[in-house]
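**Q** Here is my input, please return the structure:
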Amino acid sequence: MMAAGTSRVAFASSVVRKEATVDGRVGFLKSEHNIFYAPLWFVGIAQSYRLFDWIDDRNFHPRYNITARFPDGTSVRVDPTEMFPPSLRGVLLQGYLLDLTWGRVPRNRAAEFKAGMSQRFANRFCRSHSATAEIEVISTLERTGAQGAARVSPPELLMLFECRGGEASLRYPDPMAPSLAAR
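**A** Next comes the predicted model:
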């Protein structure tokens, strides 16, 4: 019987195969891991670097071509930092626009979420640019690797909106588009 206020500690145990591998290691849960590797696995220190695999899956560099077209027919290229903040948070949020998500977005809300993020970036831009203009944002994704960047996607329309008096009116992605589940 246990005294009041005490608890039992359960340890995970493994069955060690009797035969050793050619290099002297003993199998752990039918793998080729050293038995002393087990405690590290259970505390998450040695889980085959899955975090790095996850990061590598999202290892892209976006390039933007942003054009402001004014009512008089003139157009001007815009620096991408005027649209997208260069901070870590800004880069992570851009990933959602480019379908490189860092968190789970319900599939039935993905289109709505992307339109909402686009509206926020458009609002940010128009607050600092009060002139009336149509803004077109074209994106190209480049895969980042050891040999440098290699183009992996053709240029595509990311956003299209109008600034009028400091207010943004989003045209693409369509803020009224039905969610993916409704299609």
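**Q** For this structure, which strand extends over the most residues?
**A** Criterion DSSP state E: the longest strand present in the chain is strand 133-145.
**Q** ok, it: who's next to it in the sheet?
**A** Counting by DSSP bridges, the strands paired with strand 133-145 are strand 60-69 (antiparallel), strand 148-151 (antiparallel), strand 156-164 (antiparallel).
**Q** Show me what counts as buried in stretch 83-90.
**A** 83-84 (16 or more other Cβ atoms under 10 Å). C-beta here means a position set from N, CA and C on the backbone, and glycine is covered the same way.
**Q** Kindly check the end-to-end length of it for me.
**A** 10 Å (Cα to Cα, to the nearest Å).
**Q** Equivalent analysis for stretch 144-153, please.
**A** Stretch 144-153: ends 13 Å apart by Cα to Cα.
**Q** Can you check the pLDDT for residue 36?
**A** Note for residue 36: predicted pLDDT of 65.
**Q** cool, residue 152 as well?
**A** On the pLDDT scale, residue 152 is placed at 78.
**Q** Ignoring the adjacent residues along the chain, who's closest to it?
**A** Of all residues not flanking residue 152 in the chain, residue 143 sits nearest, at 4.6 Å (Cβ to Cβ, 6 or more residues apart in numbering).
**Q** follow-up on the earlier one: residues in contact with the longest strand of the chain: which ones?
**A** Defining contact as Cβ atoms under 8 Å, 6 or more residues apart in numbering, one finds that strand 133-145 is touched by 59-71, 78, 83, 97-98, 122, 125, 149-163.
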